[in-house]
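**Student:** 3D model of this:
(one chain, ligands or ions: 1)
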Amino acid sequence: MAIPKKTPTLLDISTEDYCKVLKENKKLKLIKNVLETSLNHKTHGKMFSIVTSTWNPISGCLYDCRYCWAKNLALTKLKTAKRYANGFKPSLNTSEFRVRFGKGDLVFVADMGDMFAPFIQDKWIKQVLDHIRQFPEADFLFMTKNPKRYLELLPFIPQNTILGTTIETDIDSIITQDKVSIAPPPSERAEAMKKLEWDRKMVSIEPILQFDLNTLVLWLTDIDPFIVYVGYDNYCNQLREPSMQQTLQLMQQLSETALVIKKTIRPARFEDSK
Ligand code: SF4
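**Tutor:** The predicted structure is shown next:
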């Protein structure tokens, strides 16, 4: 088969079209492989490669994840910004509602916070959703560690959105024992994502923590995301990491049903020090 001269990107084929056709035609394996290659090629370690820009009408978060780069940024380099005057407490940034979006944009909304967390007011979220609704030609990515809020707000969520969550592991006790985060445990996030009926779902397994392969693959199969990002911690947070071989095995198994895109893939810290 001839190799296409220009590798298509996800922006050449809309994620919505891709998901619809994928459900109808399993022969799309070829397109999936091309997209996977293209998106993996675009990966720059820290940002999701499908994203073209970020937009923060809501910022701040109280989940206190140990590995939170956003909080760290807000309390250091961005500490003089008005929206971080109260540290990383949630705020509605009204000046952001002047921003316009267009065709080809895939905007990561509130990457400096968690806008579906319980401590964010409904009316703030609805204001963001109303703004997004004005730009049907653009696509928007949400990520939260509280996806059950997607279920509550589903009637208000515009179609041009990708609904995502982070699942670092299937082992809740690692999160609690190691004080990784006070967000809802991964099992609760997985349950909500399984219930969520939405064409474009995304899961980020980042920073990846030790996991049980069969359980995590089963969770992801049930959630049925069209895209999964996998990556190790980018900083030195001393997290309980799986071996690189286990991670590669996970990626290979998930790749049977989803686009699997790598972020930072490296040996676990304990392997490095051997
Ligand atoms: S949920 Fe996200 S924004 Fe909130 S503390 Fe954790 S990593 Fe930071």
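
**Student:** contacts and neighbour counts: CA atoms only from here.
**Tutor:** Fine.

**Student:** tell me the residues of this protein that contact the ligand?
**Tutor:** Counting by C-alpha under 6 Å from any ligand atom, the residues of the chain close to the ligand are Cys61, Leu62, Tyr63, Asp64, Cys65, Cys68, Ala70, Lys71, Met112, Gly113, Asp114, Lys145.

**Student:** among those, name the ones in helices.
**Tutor:** The helices, defined by DSSP state H, take in Ala70, Lys71 from these.

**Student:** now that we have the residues of the chain next to the ligand, which of them are buried?
**Tutor:** Among those, those buried by neighbour count (16 or more other C-alpha atoms under 10 Å) are Cys61, Leu62, Tyr63, Cys65, Cys68, Ala70, Lys71, Met112, Gly113, Asp114, Lys145.

**Student:** name the SS class of the nearest residue to the second one once chain neighbours are set aside, please.
**Tutor:** Spatial nearest neighbour of Leu62, chain neighbours left out: Lys89 (6.7 Å); criterion: C-alpha to C-alpha, 6 or more residues apart in numbering. In three-state terms, and counting by DSSP: H, G, I helix; E, B strand; the rest coil, Lys89 is coil.

**Student:** burial measure for Lys89, as a count.
**Tutor:** 15 (other C-alpha atoms under 10 Å).

**Student:** where in this structure is pLDDT low?
**Tutor:** Residue ranges of the chain with pLDDT under 70: 1-13, 23-34, 37-38, 41-46, 272-274.

**Student:** distance of the residue nearest to Leu62 relative to Ser95?
**Tutor:** Relative to Ser95, Lys89 is positioned 18 Å away (C-alpha to C-alpha, to the nearest Å).

**Student:** do the same with Gln249
**Tutor:** As for Gln249, its distance to Ser95 is 45 Å (criterion: C-alpha to C-alpha).
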